[in-house]
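J.: I would like to see how this sequence folds:
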Amino acid sequence: EAHPVESGGGLVQSGGSLRLSCPASGFTGVSNAMSWVRRAPGKGLEWVSTIDGGGRTTYTDSVKGRFTTSRDIVKNILALQMSSVKPEDTGLYYCASDCPGMTAVVAGLCEYRGQGTQVTVSS
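T.: Residues are numbered from 1 along each chain as shown. Below is the predicted model:
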């Protein structure tokens, strides 16, 4: 059984960039869509972005225009390109399936397989 592991996190200055990755195999969900979810320090889970089976992407308003979610179909790897990062982007980032938006996060419907990767943005 595969256990996806998020990677690519680290410490970055405000305005900088990071690229997160996650193997998209190993999920047992029925949806072909993959998502990124984050947890800021002391806060609850927040849905960030979803890419569906057709490559269409959706983003939470706070990251629109700065983050880009993509999926390498051949390697089956999910990626999150983070640009112009802000201190409020600091958090633990998870990849997930069956997680099309915040409603699914709140309802506990998202499937997480990894431990998350820490992103810390310094001001």
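
J.: the residue nearest in space to the middle of the chain bridge partners, please.
T.: For the chain, Trp36 is the residue whose C-alpha lies nearest the centre (Cα atoms, centre = their mean; 2.1 Å). Beta-bridge pairing of Trp36 under DSSP bridges involves Ser49, Cys95.

J.: and the pLDDT at it?
T.: Trp36 is assigned 96 on the pLDDT scale.

J.: and Lys75, what element?
T.: Element membership for Lys75, per DSSP states H and E: none, as it lies in no helix or strand.

J.: residues near Val106, how many?
T.: 12 (other Cβ atoms under 10 Å). Any C-beta I mention is one placed from the backbone N, CA and C, and that applies to glycine too.

J.: that one - that's part of a helix, no?
T.: Yes: judged by DSSP: H, G, I helix; E, B strand; the rest coil, Val106 forms part of a helix.

J.: for it, give me the pLDDT.
T.: Val106 is assigned 93 on the pLDDT scale.

J.: when you give positions from now on, start the count at 52
T.: Taking 52 as the first residue, the last one we looked at is Val157.
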